[in-house]
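Colleague: Predicted model and sequence below, questions to follow.
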Amino acid sequence: MHPLLRLAPILLVVLAGACDGRSPEPTAANEGPRDDAPAPVAARIGVPFTLAFGDSARVDGSGLTVAFRAVQEDSRCPTGVTCVWEGNARIVLDVREGEGPSAPRVLNTTLDPRSATAAGYRLELVELLPWPAEGQLTPEERYEVRLRVSGP
C-alpha cells in the first residue's frame, strides 16, 4: 500500500472535525454590521420581530440596535424524531446602546439564559427557525430568530 493512502483515514477525521458546522465564537472580527448588510429592521417594544441571520433591528424609542450574529449550537430534536430531551439552540446577538460599542448577548431556546438585559430593556428569544431536520446541518444563513424587547 502506498504510504500516502495510509494517511487517508487520519485526514478524513481531521477534515470532519474542521467542518463540524459549529459557528465561531464572537470576536471583534465578526461583530458589528456587515458592509453588505441591509438597512436595520424597525422593531417596537413589546412586539415580537424576526431577524434573518446577519441582520439587525433598531428598537423604536429604546436607543437599542440588536443584530443576529451567530448560532453557536443547535442540538434541538429534529422534526420527525422522538427524542428523550428537546435539545437546545444557543445564539449570539450583538446589542448596541445608542452610538456605543456593541456587546454580545448569548441566549438559549431551552436552557438559561433565555433573555438578557441592556439599558434597562429585556431581550427575549422567542423562537429560532428553521427547526432541525434529521441528518442535515442547517447553514447559518438559513436561520431566523424571533425576538421581543420589553420596556423598562
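Modeller: Arrived safely, thanks for sending.
Colleague: ok, then the element right after the strand or helix carrying Val66?
Modeller: According to DSSP states H and E, Val66 maps onto strand 64-74. With elements assigned by DSSP H and E, the helix or strand that comes after strand 64-74 is strand 89-97.
Colleague: can you give me the mean pLDDT across the strand holding Val66?
Modeller: For strand 64-74, mean pLDDT is 97.
Colleague: can you state the direction angle for that strand and strand 89-97?
Modeller: 160 degrees (axes from the mean of the first three to the mean of the last three C-alpha atoms, to 10 degrees).
Colleague: other SSEs contacting strand 64-74?
Modeller: Under the contact criterion of 3 or more C-beta pairs under 8 Å, 6 or more residues apart in numbering; DSSP states H and E, strand 64-74 touches strand 49-52, strand 56-59, strand 89-97, strand 102-108, strand 121-129, strand 144-150. For the C-beta atoms, the positions are set from N, CA and C on the backbone; glycine is no exception.
Colleague: swap the cut-off to 6 Å and go again
Modeller: strand 56-59, strand 89-97 (3 or more C-beta pairs under 6 Å, 6 or more residues apart in numbering; DSSP states H and E).
Colleague: what does it contact?
Modeller: 23, 51, 53, 56-58, 89-96, 132, 140, 143, 145 (C-beta atoms under 6 Å, 6 or more residues apart in numbering).
Colleague: what angle separates it from strand 102-108?
Modeller: 50 degrees.
Colleague: and Pro152, what does it touch?
Modeller: Gly120.
Colleague: go again using 8 Å as the cut-off
Modeller: Taking C-beta atoms under 8 Å, 6 or more residues apart in numbering, we find Pro152 in contact with Ala119, Gly120, Tyr121.
Colleague: Which single one of those is nearest to Trp85?
Modeller: Nearest to Trp85 among the contacts of Pro152 is Tyr121, at 31.1 Å by C-beta to C-beta.
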